[in-house]
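K.L.:
Got a predicted model here, sequence first, then my questions.
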Amino acid sequence: MSVLVYAENSGGKFKKSSFEAISYGNEIARMSGSDLKVISIGDVSPDELKKPGNYGAKKILNAAADNLKSFTNQAYAAVIAEAAKAEDAKVIVLSASFSGKGLAPRIAIKLEAGLADGAVSLPDVTNGFKVRKTAFSGKAFADVTLTSERKIITLIPNSYKVVEDIKQPEMADFNPPIADADFKMVIKETIRASDKISLPDAELVVSGGRGLKGPENWGMVEELAGLLGAATACSKPVSDANWRPHSEHVGQTGISISPNLYVAIGISGAIQHLAGVSSSKNIVVINKDPEAPFFKAADYGIVGDAFEVIPKLIEAIKKFKSAHA
Amino acid sequence: MKILVCISNVPDTTTKINFTPDNKSLVTQGVQFIINPYDEMALTRALELTEAGGGTVTVINVGDVSTEPTIRKALAIGATDAIRVNAVPRDAFFVAKQIAEIAKKNNYDLILAGRESIDYNGSQVPAMIGELLGIPSVSICKSLKAEGNTVTIEREIEGGKEILSCDLPVIAGASEGIAEPRIPNMRGIMSARTKPLTVIEPIEVPQHSQVINYDKPKPRGQVNLIPADNVDKLVELLHTEAKVI
């Protein structure tokens, strides 16, 4: 019996959210008295491949066949399902990344497993198997019990800490047969903005709303984000007006995020926006309207004009950084 | 092109969510239900594709009779006909099995759904249907173009996007950017009343998961308001108290 975690890589490096999933899986393995196994798919260097061993993995499977070099949803799902069978995994954990969300349902069908998507904490195994997940786009939580023999969990990025647990893992190549039909979808091109921090994974996020008056004023948002090492985001009216791309829209119909810090500039805090950011650990709101509803959902607030406050904040952070360099 | 669009009946995005005293279900009294916004984007894209290249758009919903106003709205927006599987959805697997069962009999070229529903946020149904039918699935699709039998899809990834290509049939979960939702016009609303809405009884499906409890996030404490002329204080608090910088 084991717990299997899929360690997703981006350009050959395991993502931080993968290490979160590995640590999460390691704790489930500890609770259930079983071993943690990790599967990597695609092109990952031998050194990188050993890293899950620092977080509790006892065995690392490496599926690196030529036809698995680029992500193919169906084929990757087949590999993970085969690994779960080969390792007798009763619990399978993936990050709730864009790719993980597409893989988990297919694996669930293959393994006749129940799926808890978007988990925010460890399962409660005292009486059955209960997983807490977000619901109503962050307005609520749902506790889901999984009753199938095998169970699949996708874990929301930034909701579980990476915990070191050094092991000497067994390394094994894994090459299950995969049907040609699983390679029908082909990647024509991958476009990645390499200089930007990806929003769903970001620990710090700086976000702008309509209060910034126009796309030409995003320079200070980007400067602030750059100083903090934060990702940039925006509210729905901003992406609807094409001031910023849809991929930056956080909120009920955009993406939900759980960073350690969310800085909202010129965003009033409509219920749909709050839904997508309410699980942020710390929220700073900067708005000139003292009645903005967002202040009620914030930890820190500054009532003031963004065009005055943000340049001052940028200077203050520069000062802080040089003092703490 | 013969297109199936899966739609879900969800509380309006402005809804304040409340649960029954036993925390087992949503209080629906006074709640306005709508087509799941992502499903509405899927529907609009489906209509754009059939308007350009011919074909039909069938909408399907798994729900009891209370979802029919939402189905009629989809017909008013422009869907050709509708199917309702007469069951209260239990979990994503249940819904996916019902829809896959019907899709198997009808040979759709393209199946579209939303990337997730804004109530249970599962993102499970499209990929489950894909697996059940043995066809490719794309869970978060920002653009979908069709040329003959080939579709080109833009998929969202962390910090970028992928351009994918495959032959039909395929299933995709619509995300922002795929299409702008439409407001139904009077002619659409009138014709929706007489468009075919077929009610089908559900098949039996084993249950793998169950929501046993809901609750709401704990409210945050009082906001710490910092004077606009003392941003140094904010930086200090973010360092010493929040410990995020």
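P.N.:
Received it, and whenever you're ready, just let me know what you need. Numbering: from 1, shown residues only, chains lettered A, B, ... in the order given.

K.L.:
Name the next helix or strand following the longest helix anywhere in chain B along the chain.
P.N.:
Longest helix in chain B, counting residues (DSSP state H): helix B:37-53. Later in the chain than helix B:37-53, the nearest helix or strand by DSSP states H and E is strand B:56-63.

K.L.:
in that next one, what's buried?
P.N.:
B:57, B:58, B:59, B:60, B:61, B:62, B:63 (16 or more other C-beta atoms under 10 Å in any protein chain shown). C-betas here are computed from N, CA, C, even on glycine.

K.L.:
Okay, and the beta partners of the fifth one?
P.N.:
Looking back up the chat, that one is residue B:61. Residue B:61 has these beta-bridge partners by DSSP bridges: residue B:84.

K.L.:
hey, where'd the helices end up in the stretch 51-200 of chain A?
P.N.:
Along the stretch 51-200 of chain A, counting by DSSP state H, counting those that start in this stretch, helices occupy A:73-86, A:98-111.

K.L.:
Just send the ones you listed back as TSV, with mean neighbour count and mean pLDDT too.
P.N.:
TSV is the format used below for these (neighbours: other C-beta atoms under 10 Å in any protein chain shown; pLDDT from 0 to 100):
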stretch	mean neighbour count	mean pLDDT
helix A:73-86	23	98
helix A:98-111	25	97
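
K.L.:
Of those, give the one that comes closest to chain B.
P.N.:
helix A:98-111 (3.6 Å; C-beta to the nearest C-beta).

K.L.:
hmm, that closest one touching chain B?
P.N.:
Yes - counting by C-beta under 8 Å from any C-beta of the partner chain, chain B has neighbours in helix A:98-111: A:98, A:99, A:101, A:102, A:103, A:104, A:105, A:106, A:108, A:109, A:110.

K.L.:
Leaving out chain neighbours, which residue sits closest to the last one?
P.N.:
The one in question is residue A:110. Distances taken as C-beta to C-beta, 6 or more residues apart in numbering or on different chains place residue A:81 nearest to residue A:110, at 4.0 Å, with adjacent residues excluded.

K.L.:
next one: the fifth one
P.N.:
Spatial nearest neighbour of residue A:103, excluding adjacent residues (C-beta to C-beta, 6+ apart): residue A:77 at 4.9 Å.

K.L.:
The one you found: what's it in contact with?
P.N.:
A:103, A:106, A:107, A:110, A:182, B:131 (C-beta atoms under 8 Å, 6 or more residues apart in numbering or on different chains).

K.L.:
tell me how far the longest helix of chain B is from the chain's mean position?
P.N.:
13 Å (C-alpha atoms, centre = their mean, to the nearest Å).

K.L.:
count of residues packed around the residue nearest to residue A:113 when sequence neighbours are not counted?
P.N.:
Distances taken as C-beta to C-beta, 6+ apart put residue A:150 closest to residue A:113, at 3.9 Å, once the chain neighbours are dropped. Residue A:150 has 23 neighbours, counted by other C-beta atoms under 10 Å in any protein chain shown.

K.L.:
Was I right to think residue A:150 contacts residue A:89?
P.N.:
Yes - at 7.1 Å, residue A:150 and residue A:89 qualify as touching, with contact defined as C-beta atoms under 8 Å.

K.L.:
And the helices in the stretch 201-325 of chain A, which stretches?
P.N.:
Under DSSP H, counting those that start in this stretch, the stretch 201-325 of chain A gives helices at A:219-228, A:236-240, A:271-277, A:306-323.

K.L.:
Does the last one pack against any helices or strands, and if so which?
P.N.:
Just to be clear, that refers to helix A:306-323. helix A:219-228, strand A:282-287, helix B:231-240 (3 or more C-beta pairs under 8 Å, 6 or more residues apart in numbering or on different chains; DSSP states H and E).

K.L.:
Centre-most residue in chain B?
P.N.:
residue B:114 (3.1 Å; C-alpha atoms, centre = their mean).

K.L.:
Not counting residues beside it along the chain, what's closest to it?
P.N.:
residue B:38 (2.6 Å).

K.L.:
contacting residues around that neighbour?
P.N.:
A:253, B:113, B:114, B:115, B:116, B:117, B:118, B:173, B:174, B:175, B:176.

K.L.:
rerun at 6 Å
P.N.:
Shown in contact with residue B:38 (C-beta atoms under 6 Å, 6 or more residues apart in numbering or on different chains): B:114, B:115, B:174.

K.L.:
repeat for residue B:210
P.N.:
Contacts of residue B:210 (C-beta under 6 Å, 6+ apart): residue A:145.

K.L.:
so how many other residues sit close to residue 166?
P.N.:
Went with chain A since none was named. The burial count for residue A:166: 9, using other C-beta under 10 Å.

K.L.:
Hmm, no, I was thinking of chain B.
P.N.:
So residue B:166, with other C-beta under 10 Å, has 19 neighbours.

K.L.:
And residue B:72, by the same measure?
P.N.:
18.

K.L.:
I figured residue B:34 hits residue B:14, correct?
P.N.:
No - look at residue B:34 against residue B:14 with C-beta atoms under 6 Å: they stay out of range, at 9.9 Å.

K.L.:
So which of the two has more stuff around it?
P.N.:
Each of residue B:34 and residue B:14 has its neighbours counted (other C-beta under 10 Å); residue B:34 has more, 20 against 11.

K.L.:
I'm done for today, thanks for sticking with me.
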